[in-house]
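Sequence and predicted structure below; questions after.
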Amino acid sequence: MLIARTLEDLRRHCATLRGRFDSLALVPTMGALHDGHMALVRAATAHEAAVVTSIFVNPLQFGPTEDLARYPRDEAGDRAQLESQGCHLVWVPDLATMYPPGDATTINVEGPALRWEGDARPGHFRGVATVCAKLFGQVRPDRAYFGEKDWQQVQVVTRMVADLRLPLEIIGVPTVREADGLALSSRNRFIAVSERPQAARLFATLEATARRLAQGAAADPILDDARATLTREGFAVDYVALVDGPTLAPLAAARPLARLIAAARLGSVRLIDNVMV
């Protein structure tokens with residue numbers, strides 16, 4: 001497995017891989033990798049592409065009160081996992097490479113970036129879109145793979161790629177879960193042992209709510225019940241919403257492509273999840 005820490009090395013290694021493979025796939029990450037990330041790598045290798053995984057903790061997508069300094073980092077462990085899954089190249093840029101002095105350009109996406117995480121984390125999707133555009137320009141992949149746990153993020157990046165006519169395809173990969181349903185996340189390691197059984201209740205509540213919504217009833221009272229249930233379970237609820245999957249626009253009742261999305265805090269950890277309706 002190759003390692004690149006400079007743009008010169010990245011371009012040389014990517015050129016070598018393009019000479020050996022029909023396509024190039026990118027898995028963008030912030031490190032602290034788990035099996036959800038490995039599922040993205042496995043999805044990319046299944047298409048017989050050369051797989052490039054980036055590791056960069058992007059400060060632009062963290063708000064002033066968020067956990068940038070606390071975000072877990074384990075490059076050696078990450079590299080070992082990636083090599084075991086057949087990743088071909090790891091791209092580990094530093095801050096000056098991604099945001100050089102005098103850097104004056106960011107990307108602002110509206111549409112699916114509005115509401116929900118866009119309201120809860122102002123500026124977050126500007127950071128996501130900007131760093132993804134930079135990674136796409138650096139690696140020049142044919143496809144990029146993202147986990148559907150961050151459903152809104154996938155739609156934001158998909159919209160950006162379509163609007164800017166960038167020459168790659170965005171692939172969403174289904175959420176990987178623990179045995180009890182908790183969606184894998186790098187931040188799960190911060191969940192207190194005493195709160196771990198409660199954490200799984202987020203997914204269980206979403207599944208039960210989705211079954212009710214699928215029957216076609218008005219969404220508002222069902223969503224109110226879900227919020228009340230999560231509150232009783234000890235969550236501080238940011239939102240539980242029924243939305244159109246691609247646009248994230250709120251829906252009054254279920255219809256094709258509907259998605260049930262939620263964000264709630266349990267102790268010091270903010271959990272997000274979603275299910276199809």
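That came through, no problem. Because the structure is predicted, anything quoted here is derived from the model rather than measured. Numbering: from 1, shown residues only.

Span of stretch 76-93 from start to end?
Length of stretch 76-93, first residue to last, CA to CA, to the nearest Å: 15 Å.

Buried residues of it, list them for me.
By neighbour count on 16 or more other CB atoms under 10 Å, the buried set for stretch 76-93 is 78-79, 81-82, 85, 87-93. (Each C-beta comes from the backbone N, C-alpha and C, glycine too.)

ditto for stretch 203-221
Under the neighbour-count criterion of 16+ other CB under 10 Å, stretch 203-221 has 203, 205-206, 209-210, 212-213, 219 buried.

Quick check: residue 53 touching residue 30?
No: Residue 53 lies out of contact with residue 30 (CB atoms under 8 Å); the separation is 11.1 Å.

Who has more neighbours out of those two?
Set residue 53 next to residue 30 and count neighbours by other CB atoms under 10 Å: residue 53 wins out with 29 against 19.

Torsion angles phi and psi at that one?
Per-residue torsions, residue 53: phi -110, psi 130 (degrees, to the nearest 10).

mind checking the SS state of the residue nearest to it when sequence neighbours are not counted?
With CB to CB, 6 or more residues apart in numbering as the criterion, residue 53 has its nearest non-adjacent residue at 4.4 Å, and that residue is residue 27. Three-state assignment for residue 27 (DSSP: H, G, I helix; E, B strand; the rest coil): strand.

Make sure residue 27 is actually in contact with residue 39.
No: shown here, residue 27 and residue 39 do not form a contact pair, counting by CB under 8 Å, at 9.8 Å.

all helices of the chain, in order?
For the chain, the helices defined by DSSP state H occupy 7-20, 35-46, 75-84, 95-98, 117-120, 124-139, 151-163, 196-199, 201-213, 219-232.

quick one: the nearest residue to residue 203 once chain neighbours are set aside and residue 200, what's the gap?
Among residues not flanking residue 203 along the chain, residue 181 sits closest, at 3.8 Å (CB to CB, 6+ apart). Between residue 181 and residue 200 the distance, using CB to CB, to the nearest Å, works out to 5 Å.

now residue 253
Residue 253 is 28 Å from residue 200, by CB to CB.

With residue 61 instead?
27 Å.

Compare those two (neighbour count), which wins?
Between residue 61 and residue 200, counted using other CB under 10 Å, the more crowded position is residue 61 (21 against 17).

Which pLDDT value does the model give the more buried one?
pLDDT, residue 61: 94.

how about it, what does it touch?
123-128, 131 (CB atoms under 8 Å, 6 or more residues apart in numbering).

which ones are touching residue 108?
Counting by CB under 8 Å, 6+ apart, residue 108 makes contact with 126, 129.

how much space between it and residue 124?
Taking CB to CB, one finds residue 108 at 12 Å from residue 124.

again with residue 196
In terms of CB to CB, residue 196 sits 26 Å off from residue 124.

For the residue nearest the centre of the chain, which non-adjacent residue is closest in space?
Residue closest to the mean C-alpha point of the chain, counted by CA atoms, centre = their mean, is residue 150 at 3.9 Å. Excluding the flanking residues, the one nearest residue 150 by CB to CB, 6+ apart is residue 272, at 7.0 Å.

next one: residue 38
Closest to residue 38 by CB to CB, 6+ apart is residue 85, at 5.1 Å.
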